[in-house]
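Novice: Output the structure for:
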Amino acid sequence: QVQLVESGGGLVQPGGSLRLSCAAHGLTFSNYNMAWFRQAPGKEREFVARINWRGDTTNYADFVKGRFTISRDNAKNTVYLQMNTLRPEDTAVYYCEAWIGKYDYWGLGTQVTVSS
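Specialist: Here you go, the predicted structure:
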């Protein structure tokens with residue numbers, strides 16, 4: 001059974017940092033491309049960042065470029081999202097996704113709240 005388990009969310013002040021983790025279970029992690037999405041209250045889920053299976057190609061949404069960094073450790077079956085210079089508008093539930101071909105899996109999310 002495939003499981004993606006996000007962690008690392010919480011309450012942080014504007015300008016602060018958080019590192020999210022997503023641990024994958026039940027799949028051959030190194031075969032999968034990974035991504036982070038987020039969903040704020042009343043809004044649709046939106047793309048944040050992605051990294052390919054080898055870890056040598058990344059893409060970011062314009063609103064996080066220069067602030068967020070996606071990375072992966074295939075030995076630990078984990079993908080990370082380092083979030084710096086957080087803003088109140090970054091408040092959302094953050095989800096990780098694993099996909100390859102027709103296979104597509106999602107975690108249950110971790111809440112990030114940016115507030116003073």
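Novice: which residues of the protein fall in strands?
Specialist: 3-7, 10-12, 18-25, 33-39, 46-51, 58-60, 68-73, 78-83, 92-100, 103-106, 110-114 (DSSP state E).
Novice: For the residue lying closest to Ile100 once chain neighbours are set aside, grab the count of nearby residues.
Specialist: Closest residue to Ile100 apart from its sequence neighbours, by C-beta to C-beta, 6 or more residues apart in numbering: Tyr32 at 5.0 Å. Heads up, the C-betas are built off the backbone N, CA and C, glycines and all. For Tyr32, the number of neighbouring residues by other C-beta atoms under 10 Å comes to 26.
Novice: residues in contact with Tyr32?
Specialist: Contacts of Tyr32 were listed using C-beta atoms under 8 Å, 6 or more residues apart in numbering, and they are 24, 53, 98-100, 103.
Novice: Among these, name the buried ones.
Specialist: Using 16 or more other C-beta atoms under 10 Å as the burial test, those include 24, 53, 98 as buried.
Novice: remind me which residues of this structure are low pLDDT?
Specialist: Applying pLDDT under 70 to the chain picks out no residues at all.
Novice: and the spatially most central residue of the chain, what are its bridge partners?
Specialist: Centroid check for the chain by C-alpha atoms, centre = their mean gives Trp36 as the closest residue, at 3.1 Å. Going by DSSP bridges, Trp36 is paired in beta bridges with Ala49, Cys96.
Novice: ok so, going back, can I get the buried ones among the contacts of Tyr32 in JSON lines with distance to Gly10?
Specialist: Listed next are the buried ones among the contacts of Tyr32 as JSON lines, based on distance: C-beta to C-beta, whole Å:
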{"residue": "Ala24", "distance to Gly10": "21"}
{"residue": "Trp53", "distance to Gly10": "29"}
{"residue": "Ala98", "distance to Gly10": "23"}
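Novice: separation between the residue nearest to Ile100 and Pro14?
Specialist: Distance check for Tyr32 against Pro14: by C-beta to C-beta, to the nearest Å, it reads 33 Å.
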